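Student: Sequence and predicted model, in that order:
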Amino acid sequence: MAVPKRKMSRSRTRHRKAQWLRTAAPTNANCKRCKAPVRPHTVCGTCGAYGGRTVLEVE
Ligand SMILES: [Zn+2]
């Protein structure tokens with residue numbers, strides 16, 4: 001069985017885990033109807049539109 005040759009330092013471990021926060025995707029799309037920033041492939045929370053048509057009733 002493969003075994004790590006050296007102990008990974010606390011600094012190295014924490015430096016790697018600090019990168020996890022960067023994996024969050026930014027909101028890089030706008031609703032076609034109300035121009036509000038929305039995540040791709042997601043129904044707009046402001047007007048309930050998806051793909052140019054209304055799929056949700058938002059009060
Ligand atoms: Zn919208």
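Tutor: Right, received. Where do you want to start? Numbers count the residues shown, from 1 in each chain.
Student: use CA for all of it now, contacts and neighbours both
Tutor: Fine.
Student: how near is residue 39 to residue 11?
Tutor: 34 Å (CA to CA, to the nearest Å).
Student: Which one's more surrounded, those two?
Tutor: residue 39 (15 against 9; other CA atoms under 10 Å).
Student: Hmm, the more buried one is touching residue 29, no?
Tutor: Yes - here residue 39 reaches residue 29: they are 5.9 Å apart, a contact under CA atoms under 8 Å.
Student: shared neighbours, those two?
Tutor: Taking CA atoms under 8 Å, 6 or more residues apart in numbering as the contact criterion, no residue touches both residue 39 and residue 29.
Student: hey, what's residue 53 bridged with?
Tutor: residue 50 (DSSP bridges).
Student: What pLDDT does the model give it?
Tutor: Looking at residue 53, its pLDDT stands at 81.
Student: Pull the number of nearby residues for it.
Tutor: 11.
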